[in-house]
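S.K.: Just to be clear, the model below is a prediction. Sequence and coordinates:
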Amino acid sequence: MHHLSEQELIRRQTLEEMRASGLNPFPAEAFKVNTNSKLIKEGFEQNPEAFQDLSLAGRVMMKRIMGKASFAELQDGHGKIQIYINRDLICPDEDKELYNTVFKKWIDLGDFVGVKGYAFKTQTGETSIHVSELKFLSKSLHPLPVVKTDADGKVHDAFSDPELRYRRKHVDLLVNAQVKEIFIKRTNIIHTMRTYFNSNGWMEVETPVLQSIHGGAAARPFKTHHNALDIPLFLRIANELYLKRLIIGGFDGVYEFGKMFRNEGMDRTHNPEFTSMEIYIAFKDYLWMMEMVEDLLEHVSKTVSGSSIVKIGNNEINFTKPYKRLSMYEAIELYSGIQVDGKTESELRELCKQHHVKQDESYGFGKLVDALFGHFVESHLIQPTYITDYPIEMTPLAKKHRSKEGLVERFELFVNGKEIANAYSELNDPIDQRSRFEEQLKLAERGDDEAMALDEEFLEALEYGMPPTSGLGIGIDRLTMLLTGQEAIQEVLFFPQMKPQAKDHHSA
RNA sequence: GAUUCCGUAGCUCAGCUGGUAGAGCAAUACACUUUUAAUGUAUGGGCCUUGGGUUCGAAUCCCAACGGGAUCACCA
């Protein structure tokens, strides 16, 4: 138990006084509501008669007491509304305790109350509730930050410390209205995507989070242990191989929204667990997938933002299809003048050294190309742009390009300088897949710690035959950041991972 | 991981070149029957992140730890 502040002590004392007087600070019975703050504010003007018999409930966020009449602000799930409380109206008899003691003294900011009454306009024109009944619903023992907005819309005493905001998201959500909007949008994004997929007949599925081989991506995993089997298990870094096994099993289209776990660095764009959406469609290729993705994103943007143009920082991103397409080699040449095609690994390494591009001896041809791309191109790709046709070495799960030697049928979608989607024509030749895994093992021996592991079960599944398939992965957190104009992943996660808090030295 | 800045009341912040703390809001008390960052008067509230050091004296200077922000590198 931490040391109680003066204000916390006072609230606990108030709690005792309430109990002593017979007023339950945490009553069990439901309080029936028939409206909410938003409905009243949006509807009262046009149809005042419909707002004469109201019952609503929420937190008291502000009290303005003026003797025998007071104003307060009530916040419910839809916003805030002002309530007007007149002593002689809520206490028509001699007993004025409800007003003088319960309302004025015992109700603290953050407490829940239920009110009944009718809507009206105050002298200054604000739609408010004229309260005839007041019921105490729940006590708040921990004071909330009091954030005020003045007539010019300027926010005073904002609850703005990022660490506190992230650690106490419940407080952030309560006092910073725009935070809630981000999460409503996030849910809408996911809902819209799901509806789009379902309407095409693709099926939502679930695949294992605990995996004995962490395949499907290049990343360091979290390791755990299963006691009964006495085997190590890993939290998934990807679900790709399982979803392909479902395509092998005969589904035409499967998708999964799910958490992935990567045991790597944390910063404003990386959380150890993050949400990805992966979808696999049989009898399609990556060219088809590009058309699907641009159609999907335009649709999602319009549905959740009302526009296909989204502002982020100083940039205006236009999600209207179609998107620009550039092969990886074209992109590198365009932004650096370097021609990659036909170069050898050692020639590329020399070029990297010349341009101070980070690389080391473990890098194969593919990673050197990727290093050049990251150095010269990525930050320029502000408007949605498909980068296509990647070197075979860096993409062991994609099908060889139908016409270009040494490349695979892959694209990544870049928006605002960051990758938000990755897709292939999936490799379905089990012989080729085995040799690609073996190439990965060689890279691992050279010291590439991101090289992929060989998965015998997956290879066996492939041998049964997989139809030509296109697969896509979209980072949902990143997409949400884009569509809500946020620059930190912590802003789009309810509970971002935080370092453990320092111990309280004052506690016994 | 590297660089850099920061850590003062419940919240947002002042505290200059070292002399053991201030404001607004919140809280407490009183006044006030249409206010809205309500107002007026009064009051209480701080191991100044932690641990060392320099000094007669440290919130202030130095070192370290812990926590955080920003930028860069890697990953989605």
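M.R.: Arrived safely.

S.K.: Low-confidence bits of chain A, can you list those?
M.R.: For chain A, applying pLDDT under 70 flags the ranges A:1-3, A:500-508.

S.K.: Neighbours of the residue in the stretch 301-450 of chain A that RNA strand B sits nearest to, how many?
M.R.: Closest contact between the stretch 301-450 of chain A and RNA strand B, by C-beta to the nearest atom of the strand, is at A:Glu419 (4.1 Å). (Glycine included, C-beta is placed from N, CA and C.) Per other C-beta atoms under 10 Å, the neighbour tally for A:Glu419 reads 15.

S.K.: List the beta-bridge partners for it.
M.R.: In this entry, A:Glu419 is beta-bridged to A:Phe414, by DSSP bridges.

S.K.: Next, the residues that contact stretch A:366-373 from outside, please.
M.R.: A:328-329, A:331-332, A:336, A:338, A:340, A:345, A:348-349, A:351-352, A:355, A:357-359, A:363, A:387, A:390-395, A:448 (C-beta atoms under 8 Å, 6 or more residues apart in numbering).

S.K.: Mind giving me the PyMOL select for those residues, buried ones only?
M.R.: Only the buried entries of the contacts of stretch A:366-373 go into this PyMOL selection, using 16 or more other C-beta atoms under 10 Å:
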select buried, chain A and resi 328+329+331+332+336+338+340+348+349+351+352+357+359+363+387+390+391+392+393+394+395+448
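
S.K.: Show me which residues of the stretch 251-400 of chain A are close to RNA strand B?
M.R.: Within reach of RNA strand B by C-beta under 7 Å from any atom of the strand, the stretch 251-400 of chain A has these residues: A:262, A:264-265, A:267-272, A:274, A:358, A:370-371, A:374.

S.K.: With A:Tyr99 as the reference, measure out to the residue of chain A found nearest RNA strand B.
M.R.: Among the residues of chain A, A:Gly67 lies closest to RNA strand B, at 2.3 Å counting by C-beta to the nearest atom of the strand. With the distance defined as C-beta to C-beta, to the nearest Å, A:Gly67 ends up 10 Å from A:Tyr99.

S.K.: Could you do A:Pro391 as well?
M.R.: 76 Å.

S.K.: And for A:Asp88?
M.R.: Distance of A:Asp88 to A:Tyr99, given as C-beta to C-beta: 8 Å.

S.K.: do the same with A:Pro396
M.R.: 73 Å.

S.K.: re the thing from before, make sure the residue of the stretch 301-450 of chain A closest to RNA strand B is actually in contact with A:Arg410.
M.R.: No: at 11.8 Å, A:Glu419 does not count as touching A:Arg410 under the criterion of C-beta atoms under 8 Å.

S.K.: Remind me what the lengthiest helix in chain A packs against, helices and strands.
M.R.: Longest helix of chain A, by residue count under DSSP state H: helix A:177-199. With contacts defined as 3 or more C-beta pairs under 8 Å, 6 or more residues apart in numbering; DSSP states H and E, the packing partners of helix A:177-199 are helix A:169-175, strand A:203-204, strand A:253-261, strand A:273-282, helix A:286-305, helix A:476-484.

S.K.: Next, the buried residues of that helix.
M.R.: Here helix A:177-199 shows A:179, A:182-183, A:185-186, A:188-190, A:192-193, A:196-197 as buried, counting by 16+ other C-beta under 10 Å.

S.K.: How about residues contacting that helix?
M.R.: A:79, A:165, A:169, A:172-173, A:204, A:253, A:255, A:257, A:277, A:279, A:296, A:299-300, A:303-305, A:476, A:479-480, A:483-484, A:486, A:491-492, A:494.

S.K.: Stretch A:314-327 now?
M.R.: By C-beta under 8 Å, 6+ apart, stretch A:314-327 touches A:290-291, A:294-295, A:297-298, A:300-301, A:308-311, A:334, A:382-389, A:411, A:413, A:415-416, A:482.

S.K.: picking that back up, give me the more crowded residue out of A:Gly67 and A:Tyr99.
M.R.: Legend: neighbour count by other C-beta under 10 Å for A:Gly67 and A:Tyr99, higher for A:Tyr99 (21 against 7).

S.K.: ok, A:Asn318 - how many residues close by?
M.R.: Neighbour count of A:Asn318, defined by other C-beta under 10 Å: 16.

S.K.: meant to ask about A:Ala20
M.R.: Neighbours around A:Ala20, by other C-beta under 10 Å: 8.

S.K.: check contacts around the residue nearest to A:Glu457 when sequence neighbours are not counted.
M.R.: Of all residues not flanking A:Glu457 in the chain, A:Ile213 sits nearest, at 7.6 Å (C-beta to C-beta, 6 or more residues apart in numbering). Residues near A:Ile213 by C-beta under 8 Å, 6+ apart: A:234, A:453, A:455, A:457.
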